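In: build the 3D model from these lines:
(one chain, ligands or ions: 1)
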Amino acid sequence: MAAFKHQSTCVIHGGHVRDEQGSLTTPLYQSATFVFPDCQTGGARFGGEQAGPIYTRLGNPTTDELERRLALLEGADEAVAFGSGMGAVSAALLTLLQAGDHLVAATGLYGCTHALITEQLPRLGIQSTQVDFSDLDAVEAAMTADTRVLFLETPVNPHLAVYDLDAIVALAKRKGVLTVVDNTFMTPLLQRPLRHGVDLVLHSATKYLNGHGDVVAGIVCGRTELMTPLRNGIRKDFGAILSPHDAWLILRGLKTLALRMERHCDNAMAVAHFLEAHPKVRKVHYPGLSSHPGHRLLGRQMSGAGGVLALELAGDFDTAMTFVNRLRLFTLAVSLGDAESLVQHPASMTHSPYSAEARAAAGIGDNLVRLAVGLEHIEDILADLKQALDELPDVGQGHTEQEALGETE
Ligand code: 3LM
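Out: Here you go, the predicted model:
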């Protein structure tokens, strides 16, 4: 596959094959099955001696183009698309793990990934330990003779902790285990984990990759040796495929990914600065801020800080409810990566699958609110946050104005 020098070109042209009619856009093959010219050809396609479509659960020309484009963007040999991000997460783990194996995962993870690891995989004989991945000694200590995989998100959903991929991969290689990274918050435009030696990278394509809030999808990228069983075994037999129509919508959405990510990052940075200076806010979690522990990895591991941030309000559960309910432009909905700015309350929504203890260990408090900053004009975004914050009761736990202005020691 031809690679392009720039990702902003690749999101438009990567992996495109011009069809016989000369269609500018990728044709949509909205067909469950494909006609064989003769019986011998059908058998040869099933036997793998001849390339060509068979049946959409096994592969589809529209979905193939999306997979080629993502593979180029992530720097992978191949990509395999799924009907949801969770389809991608579960397929990646089921490909690499079997009964008796052990997994070390980060404490902070999207809620359903946490549920998959703690509730579903143990039913299949796959055990796990969750630890803070910023403490590599703890990661190493959590490994057993049966550990096969390290799994993490960076930045973490919902509180944007950032982990050092080079250091984690070095540990994994030393111990002979594989690493899987959920790159949903960054997209391949801001972070390419395979370049750091990670084995599989995956996305909820529901988010930035599609970018328009109208598709649920996932994708896994990696080297052929790992992708072949993922495609020809796990996806074929568990069947979590992506609809060709949704693949087509993601291909359309991808064309503006570079432009969108730039604007998401700019808007989120401005929001982070605004919140950091607001007396009703106790803490802002955004790797773009120099106060964030992951800031040092900007430039080395990430080329931008992304469009999601989290804030801890000076207050409690009720303060968070009041703040979220007061927002007008920010729409109260889970998900992220859309044109619309979205707000949600992780403890009661995306991370409700955690027990209260696991949530506390993961650093997800009741006063934590997640913002997925959209593409609207920044003045409208800031005005909405200001009106919702200004009305909150003053409980005196936020930054003082002097602190916020950097006037204290
Ligand atoms: C959310 N997240 O609002 P799907 N990996 C990451 C994710 O953030 C998600 C998935 C995987 C949210 C969804 S909550 C009901 C809505 C880092 C999803 C799973 O299966 O495409 O939803 O992806 O944080």
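In: how many neighbours does the residue in the chain that the ligand sits nearest to have?
Out: Closest contact between the chain and the ligand, by C-beta to the nearest ligand atom, is at Gly85 (2.2 Å). Where you see a C-beta, it was placed from the backbone N, CA and C, and this is true even at glycine. Around Gly85 there are 24 other residues, counting by other C-beta atoms under 10 Å.
In: my read: it touches Val220, true?
Out: No. Between Gly85 and Val220 no contact is recorded; they are 10.1 Å apart, counting by C-beta atoms under 8 Å.
In: so what sits against both of the two?
Out: Between them, Gly85 and Val220 share these contacting residues under C-beta atoms under 8 Å, 6 or more residues apart in numbering: Leu202.
In: so which residues on the stretch 1-150 of the chain come close to the ligand?
Out: Ser84, Gly85, Met86, Val89, Tyr110, Cys112, Thr113 (C-beta under 6 Å from any ligand atom).
In: my read is Glu225 is in a strand, agree?
Out: No. Glu225: not assigned to a strand; according to DSSP: H, G, I helix; E, B strand; the rest coil it is helix.
In: how close does it sit to Glu78?
Out: 10 Å (C-beta to C-beta, to the nearest Å).
In: which one's more surrounded, those two?
Out: Glu78 (21 against 10).
In: if I look at the more buried one, how far off is Arg68?
Out: With C-beta to C-beta as the criterion, Glu78 and Arg68 are 9 Å apart.
In: likewise for His13?
Out: 11 Å.
In: so the two - more neighbours on which side?
Out: Using other C-beta under 10 Å as the criterion, His13 and Arg68 rank with Arg68 on top: 17 against 12.
In: so that one is in contact with Gly15, correct?
Out: Yes. Counting by C-beta under 8 Å, Arg68 touches Gly15, with 2.7 Å between them.
In: quick one: residues contacting Ala310.
Out: Pro158, His159, Leu160, Val284, His285, Tyr286, Pro346, Leu368, Val369, Arg370, Leu371.
In: what kind of secondary structure is the first one in?
Out: Reduced to three states with three-state DSSP, the structure at Pro158 is coil.
In: who's in contact with it?
Out: Contacts of Pro158 by C-beta under 8 Å, 6+ apart are Gly108, Val308, Ala310, Pro346, Thr350, His351, Ile364, Leu368, Arg370.
In: is it possible to get CSV of the residues you listed that adds secondary structure, distance to Thr26 and pLDDT?
Out: Formatted as CSV, the contacts of Pro158 follow (DSSP: H, G, I helix; E, B strand; the rest coil; distance: C-beta to C-beta, whole Å; pLDDT from 0 to 100):
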residue, secondary structure, distance to Thr26, pLDDT
Gly108, coil, 36, 94
Val308, strand, 29, 98
Ala310, strand, 36, 98
Pro346, coil, 36, 98
Thr350, coil, 32, 98
His351, coil, 36, 97
Ile364, coil, 39, 96
Leu368, strand, 40, 98
Arg370, strand, 33, 98
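In: which secondary structure element contains Ala138?
Out: In this structure, Ala138 sits in helix 136-142 according to DSSP states H and E.
In: what's that helix packed up against?
Out: strand 127-131, helix 165-175 (3 or more C-beta pairs under 8 Å, 6 or more residues apart in numbering; DSSP states H and E).
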